[in-house]
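1. I would like the atomic coordinates for the input below:
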Amino acid sequence: MVVSEQENAKIYINGKDSHKSTPSLVRIPLNQEVRIVLKKEGFQDHHALVRSKHELTFYHCKLSKFELKLVDLETNC
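-> Prediction:
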């Protein structure tokens, strides 16, 4: 089970779109490390390596928002 505090993040497994969004059940192979990436507009991509010895594993994260920075175009500051 892949869950993020910000729902509807797209779930990618080993670089491939799972076509699912958080929260969702996602099948991963037992005892093999897999790379999970969660993507949601307005948030930084979340990367994790997960290895499960059990048929059901729970992965939870909190996505980080992009920091907004105001830029003065006249002074480039």
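2. Do you have the strands of the protein handy? List them.
-> 2-4, 10-13, 16-21, 34-39, 46-50, 59-61 (DSSP state E).
3. To Asp72, which of those strands lies closest?
-> Asp72 sits nearest to strand 34-39 of all those, at 30.6 Å, using Cβ to Cβ. Backbone N, C-alpha and C define where each C-beta goes, glycine included.
4. Relative to the closest one, what are the paired strands and their orientations?
-> strand 10-13 (antiparallel), strand 46-50 (antiparallel) (DSSP bridges).
5. got a list of what Gln6 touches?
-> By Cβ atoms under 8 Å, 6 or more residues apart in numbering, Gln6 lies in contact with Thr22, Lys40, Phe43, Lys62, Leu63.
6. and the third one, how many neighbours?
-> Read it as Phe43. 16 (other Cβ atoms under 10 Å).
7. swap in the one 10 residues further on?
-> A total of 7 residues lie near Lys53 under the criterion other Cβ under 10 Å.
8. Looks like it contacts Gln32 (just checking).
-> No: with contacts counted by Cβ atoms under 8 Å, Lys53 stays clear of Gln32, the gap being 10.5 Å.
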